[in-house]
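In: Take this sequence and fold it.
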Amino acid sequence: MKITSLDTVVVDFYRTNLVFVLLGTDEGLTGVAEATLEGQEHAVVGAVRLLAERVLGADPTRIAETIYRLNRDSYWRGGPVSMTALSALETAMWDVSARALGVPVHRLLGGRTRDRVRAYANGWFSGARTPEDFAEAAIGTVAQGFRGLKWDPFEAADLTVGARDLRRMLEPVAAVRDAVGDDIELFIEGHGRFDVPNAIRIARELEQYQPVFFEEPSPPDSVDALVEIRSKSPIPIAAGERWFGRNAFLPVLERGAVDYIQPDVTHAGGLSELVFLSTLAAARYVPFAPHNPSGPLSTAATLQLGAALPNFRYLEIMAVDVPWRGDISNEALQLTEDGDILIPEGIGLGIELDLEAIAEHPYRSHPMRLFDDAVADIRPDDARSYFTKPLVPVS
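Out: Next comes the predicted model:
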């Protein structure tokens, strides 16, 4: 079997555009993967085009050899654009390899360790402004089946935040905790906003709300900052969505900078690299909680990891999404009443794209908005749930 094409399709997804990669072969099998990189869609499409020139004619089942060669021969290594393109190629090769054998990808990663993963919801708060809005949205999301809620309450804060503003920002956290009770897990996102003393101060204020973790409290380019924050934080620290490959994660784990690592299969190197990263984390008893706020192909790949990796702790996933999420693929995720996502059946990644439906939502420019106080507008007003309940109750 040989690779005959490596193409991209782009679909508008409200706050960003999803980039999908399609790997064609001379045996008629097509592998798919996601290469979404917010604000850098055109750059990623160009990077995939360059990869296509180098892999045409290669055997798509020789994943390790191909990725090693591409890394070896690349003068400029790493970075979000190149790594996102390479991650998508690697994942699409796994998809084709599993399709050729008629098995799910997780069979090639060692087989199932579980049939479901614990999920926490992102995006559930879209449009909320007041503490009452957040509480109402939280209650509705818990009623949907989720047992974990994540959000960034820090508006447009940049490195520092005053005492009065921080009190206001934490009011929705208090309202959500009061509304859903102590049995629902809360995850607080920082988006790398704060310097060291402010991150420590915020972590201490958050302790009363018992979050599972405080995610990316400081910018992602300083391990020293994370080490200092974690040493003085009364709550666990998580990070990793903006790190690429083992060379970024190894010093973080060696220095005990985080309590949870969060690599993204779409950026950190693909399925093989995340398996390796989970092993590094497992050797230090650090739980694995991949970053996954993107589209159906990113979720499909992450679920294959969830099936196979023993230290996989949490799946991040959007609680609601654009109305056309259900049109662009045959994604059929089942959310249990206990807040778990069942591992889908099917060969490969277990998912197919609908290119005609994708074409109805062409590229639109979406500037990044983390520092203009629009972080709560993560999904449109008509966003809806795209999950189904299991046909038979799952114990």
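In: helix, strand or coil for the spatially most central residue of the chain?
Out: Central residue of the chain (CA atoms, centre = their mean): residue 292, 1.3 Å from the mean position. Local secondary structure at residue 292 is given as coil here, using DSSP: H, G, I helix; E, B strand; the rest coil.
In: what's near enough to touch it?
Out: 264-265, 298-299, 302, 315-317 (CB atoms under 8 Å, 6 or more residues apart in numbering). C-beta here means a position set from N, CA and C on the backbone, and glycine is covered the same way.
In: how close does it sit to residue 304?
Out: 12 Å (CB to CB, to the nearest Å).
In: same check, this time on residue 368
Out: 29 Å.
In: Between the two, point out the one with more neighbours.
Out: residue 304 (29 against 12; other CB atoms under 10 Å).
In: Tell me which residues of stretch 194-214 come out buried.
Out: By neighbour count on 16 or more other CB atoms under 10 Å, the buried set for stretch 194-214 is 194-196, 198-203, 205-206, 209, 211-214.
In: try stretch 75-94
Out: Quick answer for stretch 75-94 (16+ other CB under 10 Å): 78, 80-94.
In: list the helices and strands the host helix or strand of residue 341 packs on?
Out: Taking DSSP states H and E as the definition, residue 341 sits inside strand 340-342. Applying 3 or more CB pairs under 8 Å, 6 or more residues apart in numbering; DSSP states H and E, one finds that strand 340-342 contacts strand 116-122.
In: what separates the strand it packs on from the chain centre, distance-wise?
Out: 11 Å (CA atoms, centre = their mean, to the nearest Å).
In: After it, which helix or strand is next? Please name it.
Out: helix 131-144.
In: Break this structure down into its structural domains.
Out: 3-104, 107-349 (automatic domain parsing).
In: just to revisit the earlier point, just the ones of the contacts of residue 292 in helices?
Out: Judged by DSSP state H, the contacts of residue 292 include 298-299, 302 as members of helices.
In: still on that earlier bit, do you know which of the domains of the chain lies nearest residue 379?
Out: Counting by CB to CB, residue 379 lies closest to domain 107-349 out of the domains of the chain; the figure is 4.1 Å.
In: Compute the mean per-residue pLDDT across the closest one, please.
Out: The pLDDT scores in domain 107-349 average 96.
In: first vs last residue of that domain, how far apart are they?
Out: 11 Å (CA to CA, to the nearest Å).
In: Most widely separated two among the buried residues of stretch 194-214?
Out: Taking CB to CB, no two of the buried residues of stretch 194-214 sit farther apart than 195 and 212, at 23.4 Å.
In: one step back: which among the buried residues of stretch 75-94 gets closest to residue 360?
Out: So of the buried residues of stretch 75-94, ranked by how close each gets to residue 360 (CB to CB), first place is residue 88, at 22.5 Å.
In: now the strands for the stretch 251-395 of the chain?
Out: 260-261, 315-318, 340-342 (DSSP state E, counting those that start in this stretch).
In: TSV for the ones you listed, including distance to residue 22?
Out: Formatted as TSV, the strands of the stretch 251-395 of the chain follow (distance: least, CB to CB, whole Å):
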stretch	distance to residue 22
strand 260-261	30
strand 315-318	23
strand 340-342	25
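In: Including distance to residue 6 and mean neighbour count, could those go into CSV?
Out: Formatted as CSV, the strands of the stretch 251-395 of the chain follow (distance: least, CB to CB, whole Å; neighbours: other CB atoms under 10 Å):
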stretch, distance to residue 6, mean neighbour count
strand 260-261, 29, 25
strand 315-318, 27, 24
strand 340-342, 29, 21
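In: so which of those gets nearest residue 146?
Out: Using CB to CB, the nearest of the strands of the stretch 251-395 of the chain to residue 146 is strand 315-318, at 8.9 Å.
In: Could you list which of the buried residues of stretch 194-214 belong to strands?
Out: Members of the buried residues of stretch 194-214 lying in strands (criterion: DSSP state E): 213-214.
In: Take the buried residues of stretch 194-214 and keep only those in helices.
Out: 196, 198-203, 205-206.
In: From the residues you listed, pick the one nearest residue 125.
Out: For those, the nearest to residue 125 is residue 206 (16.6 Å; CB to CB).
In: what's near enough to touch the closest one?
Out: 170, 173, 188, 214, 235 are the contacts of residue 206 under CB under 8 Å, 6+ apart.
In: From residue 22, how far off is it?
Out: Counting by CB to CB, the gap from residue 206 to residue 22 is 43 Å.
In: next helix or strand past the longest helix seen in the chain?
Out: The single longest helix within the chain, with elements called by DSSP H, is helix 80-101. Downstream of helix 80-101, the next assigned helix or strand under DSSP H and E is helix 105-108.
In: How about residues contacting that next one?
Out: 94-95, 97-98, 101, 112, 271, 301, 304-305, 307-308, 343, 348-349.
In: ditto for stretch 173-184
Out: Contacts of stretch 173-184 (CB under 8 Å, 6+ apart): 131-132, 134-136, 138-139, 142, 147-149, 153, 186, 188, 206, 209-210.
In: before we move on, which element is residue 68 in?
Out: Counting by DSSP H and E, residue 68 is part of helix 63-73.
In: Pull out the buried positions in that helix.
Out: Buried residues in helix 63-73 (16+ other CB under 10 Å): 63, 66-67, 70.
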